[in-house]
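Undergrad: show me the folded form of this:
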Amino acid sequence: MKLLRIGPPGAERPAALSPEGVPLDLSAIAPDIDGDFLSGGGLERAHAALEAGELPVLPGAAGAGTPEGPRVGPPVAPHGKIIGIGTNYADYAAATGAEPPERPIVFIKPTDTVVGPYDPVRIPRGCAATDHEVELAVVIGRTARYLETDAEAEAAVAGYAVANDVTEREHQFGHGGQWGKGKSFETFTPLGPWLATPDELGAGGTASLGLRTRVNGELVQDGSTAKMLFGVPYLVRHLSRFMALRPGDVVITGTPAGVAMTRPDTPYLRPGDVMELEVDLLGGQRQVLAAA
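TA: Numbers count the residues shown, from 1 in each chain. Got it, this is the predicted structure:
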């Protein structure tokens, strides 16, 4: 099942995609796709209604995601934690010259960094080193603490989405290595277009999903989750040792090689540039860079 939220910021309406890709109205199931929906049986109710053909077409949703259509918001209301994982791909570590970490590198992003998958991304004032990072996002569906097995970790996951962990490198590395300063600007976590429940990924799950980024039409990131240093079940288990994971929390799991920081002439993002990101089975995003 693929779930999304359509409408202006703060007034998104919940929807499920039909097999033909038509947004269907979930308003009778729940007022929003949020932590309460995910942990309170909302997924099961939505799936049953979808299978029974009981969901009407969402009014005014035709063309959602196109320039002429209505806005698509982040697929889960951004009320929970945004938990980032750094240097989690072998090819990224090699490209940056970093030693692969023995344990996950963890940072937190504010919820107001989260925007829809087609919303503009604003380059912060006075900054000239803004970078793209395509990532697999994991959405938590139930409260999790001190998980011990991969099966427990997988049961805590509501679904997956595409994320762009936009990063301002000057502030990430130029202030004593404080990653939070480089990743916390508003609009720095485009999320979506949809939340895909685990069954949408098939038997392979998250083991080998392709991730790609294009900037102004040029393919710059072309990686695979097969090169993750720490896979999704391990990350969820590991994080649950250090913080309570709550329904609606989002874990962004690292980016593959190809970021601007490591390419010749460091072609950082400028106003007017266009980012296009995709993850296999999870859809694609498109953002235009704007000045703050």
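
Undergrad: Asp119 contacts Arg71, doesn't it?
TA: Yes: the pair Asp119 / Arg71 is scored as a contact, 7.5 Å apart, by C-beta atoms under 8 Å. In this view, the C-beta of every residue, glycine as well, is placed from N, C-alpha and C.

Undergrad: tell me which of those two has more neighbours.
TA: More crowded of Asp119 and Arg71, by other C-beta atoms under 10 Å: Asp119, with 22 against 18.

Undergrad: now do the domain split for this structure, please.
TA: According to automatic domain parsing, the chain comprises the domains 1-73, 76-291.

Undergrad: for stretch 123-135, which positions count as buried?
TA: Applying a neighbour-count criterion of 16 or more other C-beta atoms under 10 Å, one finds 123-124, 127, 129-135 buried in stretch 123-135.

Undergrad: gap between stretch 12-26 and the chain center?
TA: 19 Å (C-alpha atoms, centre = their mean, to the nearest Å).

Undergrad: how about that stretch: buried residues?
TA: Neighbour counts using 16+ other C-beta under 10 Å place 12-17, 23-26 of stretch 12-26 among the buried residues.

Undergrad: what about it, how long is it end to end?
TA: 11 Å (C-alpha to C-alpha, to the nearest Å).

Undergrad: and it, average pLDDT?
TA: The average pLDDT within stretch 12-26 is 97.

Undergrad: so where's the stretch 101-250 of the chain shaky on pLDDT?
TA: Filtered on pLDDT under 70, the stretch 101-250 of the chain yields the residue ranges 176-177.

Undergrad: just the helices from it, written as ranges.
TA: In the stretch 101-250 of the chain, the helices defined using DSSP state H, counting those that start in this stretch lie at 150-155, 169-173, 179-183, 232-239.

Undergrad: any chance of these in JSON lines, plus mean neighbour count and distance to Arg45?
TA: Converted to JSON lines, the helices of the stretch 101-250 of the chain look like this (neighbours: other C-beta atoms under 10 Å; distance: least, C-beta to C-beta, whole Å):
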{"stretch": "helix 150-155", "mean neighbour count": "15", "distance to Arg45": "18"}
{"stretch": "helix 169-173", "mean neighbour count": "18", "distance to Arg45": "42"}
{"stretch": "helix 179-183", "mean neighbour count": "20", "distance to Arg45": "35"}
{"stretch": "helix 232-239", "mean neighbour count": "20", "distance to Arg45": "24"}
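
Undergrad: what's the closest of the ones you listed to Phe107?
TA: helix 179-183 (4.6 Å; C-beta to C-beta).

Undergrad: which other helices and strands does the closest one contact?
TA: Judged by 3 or more C-beta pairs under 8 Å, 6 or more residues apart in numbering; DSSP states H and E, the packing partners of helix 179-183 are strand 82-86, strand 105-109, strand 167-168, helix 169-173.

Undergrad: which neighbours in the sheet does the shortest one have, and how are they oriented?
TA: Put plainly, it is strand 167-168. If you go by DSSP bridges, strand 167-168 pairs up with strand 130-131 (antiparallel).
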